[in-house]
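Visitor: got a sequence here, can you model it:
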Amino acid sequence: MRKHFHLPSVVLASLLCLNLHGAAAPNPAPRWPTPNTAFFTGAAIDRYIEPTPGNETTSGLFGSVRNNGYRFHEGLDMKPVQHDRRGRVTDPVYAALPGTVAYLNKYPGNSGYGYYVVLEHDFGGLQLYTLYAHLASLDGNLTKGEQVAAGTRLGTMGRSAGGYVIPVSQTHLHFEIGVRLTNHFQSWYDWSKTGGPNHHGVYNGINLIGMDPLEIFEKARTGKFQGYRAHMGNIPRAFALRVYTSKIPDFVLRNPALLTKPVPPSGVVAWDVDFSWYAMPLCFTPKTAAEVPARKPGDVRLLGYAKELIDANKSRSTIIFEDGKPPRYGKYLTSVLQMLFGLRN
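Guide: Numbering: from 1, shown residues only. Predicted coordinates for the structure are as follows:
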């Protein structure tokens with residue numbers, strides 16, 4: 001790692017992403033994917049979020065909410081409202097957005113998500129996924145590749161999970177919205193020797209990074225939602241990296257809306273990337289040989305960071321600070337960079 005410089009959060013936030021290339025396309029706001037209307041009526045959080053057993057309701061939210069802040073939760077755990085005469089949850093689960101059925105996990109024991117559905121959504125050059133997990137059953141009419149409208153039934157809320165047991169009293173929907181890191185996940189998975197077979201292709205949870213759905217729902221509720229690219233542009237920046245490679249990541253090809261300027265015909269020697277505190281890539285700036293001196297492909301330089309934001313969130317290993325030593329890259333961030341850029345070092 002080369003010499004770094006520290007930037008306050010307010011400065012770091014303006015590094016790249018406020019100058020995203022092109023005009024944002026209008027996007028539909030998401031609908032709550034269950035019959036529970038409590039959030040949109042302004043009810044208390046315990047009316048629409050299901051906590052983990054014995055914990056505060058906030059343990060069902062997104063982020064550093066579990067194990068005293070040291071365990072990351074990728075989405076929202078949504079509370080049921082419908083039960084049969086025996087007390088079993090019967091809530092249907094609906095598509096939050098129009099999209100394509102990308103993956104159906106029909107073998108709950110193969111994943112901690114249990115039965116789950118992944119939809120993909122392309123909004124003006126920004127490819128998002130939504131994920132619906134722990135289902136009791138999948139809708140039998142769903143087929144991979146099918147186009148679905150918002151509100152299409154995907155299955156029934158449940159508590160399925162591979163490798164652990166969700167109590168009946170904790171039946172819920174785990175819901176995510178985010179981005180997929182790479183189309184070449186299997187290559188990384190084999191190289192990294194992560195262990196065990198990959199049953200889920202590119203829709204393995206390791207290849208998915210979510211953002212806080214509740215923030216998006218809140219904007220929809222208050223009429224302030226301006227689209228997903230605009231939302232990502234407002235996610236706080238925690239650090240910025242320069243990654244030296246002449247390759248265009250497939251993530252950029254799938255998400256050209258996150259470019260701050262067009263890729264020059266002459267090619268690139270590096271990419272400047274802004275990240276959230278949990279390592280979601282938020283925007284990409286291509287760098288030419290005329291702008292930055294070339295370096296060994298695969299080198300990574302830390303351009304700036306907001307230490308207070310990173311220190312406040314302990315559940316993801318991104319930038320590591322140790323007294324008397326320069327910052328270093330954590331294990332999780334290293335994996336993200338490997339998947340995004342095909343790094344193998």
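
Visitor: which stretches of this structure form helices?
Guide: In order along the chain, the chain carries the following helices (DSSP state H): 9-12, 185-192, 213-221, 228-233, 250-254, 307-311, 331-341.

Visitor: Leu138: which of those is closest?
Guide: Each of these has some distance to Leu138 by C-beta to C-beta; the shortest is helix 213-221, at 21.0 Å. Bear in mind the C-beta positions are built from the backbone N, C-alpha and C, glycine included.

Visitor: by contact count, what packs against the closest one?
Guide: Helices and strands in packing contact with helix 213-221 are listed as strand 173-180, helix 228-233; criterion 3 or more C-beta pairs under 8 Å, 6 or more residues apart in numbering; DSSP states H and E.

Visitor: in that helix, what's buried?
Guide: Buried residues in helix 213-221, counted by 16 or more other C-beta atoms under 10 Å: 213-214, 216-217, 219-221.

Visitor: also stretch 276-291?
Guide: So, applying 16+ other C-beta under 10 Å, buried residues of stretch 276-291: 276-287.

Visitor: cool, and stretch 260-272?
Guide: Neighbour counts over stretch 260-272 (16+ other C-beta under 10 Å) mark 260, 263, 268-272 as buried.

Visitor: also stretch 192-204?
Guide: Counting neighbours by 16+ other C-beta under 10 Å, the buried set in stretch 192-204 is 198, 200, 202-204.

Visitor: other residues contacting it?
Guide: Contacts of stretch 192-204 from elsewhere in the structure, counted by C-beta atoms under 8 Å, 6 or more residues apart in numbering, are 102-103, 105, 107, 110-111, 118, 129, 180, 182-183, 185-186, 189, 206, 335, 338.

Visitor: what of stretch 144-157?
Guide: Defining contact as C-beta under 8 Å, 6+ apart, one finds that stretch 144-157 is touched by 28, 30-31, 33-34, 78, 80, 89-104, 115, 117, 119, 132, 134-139, 142, 171-173.

Visitor: buried ones only from those residues, please, as a ChimeraX command.
Guide: Restricted to the buried members of those, where burial is judged by 16+ other C-beta under 10 Å, the ChimeraX selection command reads as follows:
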select :30,33,34,78,80,89,91,93,94,95,96,97,99,101,102,103,104,115,117,119,132,134,135,136,138,139,142,171,172,173
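
Visitor: keep only those of the contacts of stretch 144-157 that are in strands.
Guide: Here DSSP state E is the test, and the contacts of stretch 144-157 give 78, 92-94, 99-104, 115, 117, 119, 132, 134-135, 137-138, 173 as lying in strands.

Visitor: quick one: furthest residue from the center of the protein?
Guide: Computed with C-alpha atoms, centre = their mean, the residue of the chain farthest from its C-alpha average is Arg85, at 37.2 Å.

Visitor: and the gap between that one and Gly155?
Guide: Using C-beta to C-beta, to the nearest Å, we find Arg85 at a distance of 21 Å from Gly155.

Visitor: repeat that for Phe217.
Guide: When C-beta to C-beta is the yardstick, Phe217 and Gly155 sit 20 Å from each other.

Visitor: what sits against the most centrally placed residue in the chain?
Guide: Within the chain, the residue whose C-alpha comes closest to the C-alpha centroid is Gly210; the distance, by C-alpha atoms, centre = their mean, is 1.8 Å. Neighbour list for Gly210: 62, 74-75, 131, 176-178, 280 [criterion: C-beta under 8 Å, 6+ apart].

Visitor: what's the closest of the residues you listed to Asn313?
Guide: Using C-beta to C-beta, Phe62 is the member of the contacts of Gly210 that sits closest to Asn313, with 11.4 Å.

Visitor: ok, and the closest non-adjacent residue to the closest one?
Guide: Closest residue to Phe62 apart from its sequence neighbours, by C-beta to C-beta, 6 or more residues apart in numbering: Asp212 at 4.2 Å.

Visitor: would you map the strands across the stretch 201-345 of the chain?
Guide: Assigned strands in the stretch 201-345 of the chain, in chain order: 208-211, 239-243, 270-275, 281-287, 300-305, 319-320, 328-329 (criterion: DSSP state E, counting those that start in this stretch).
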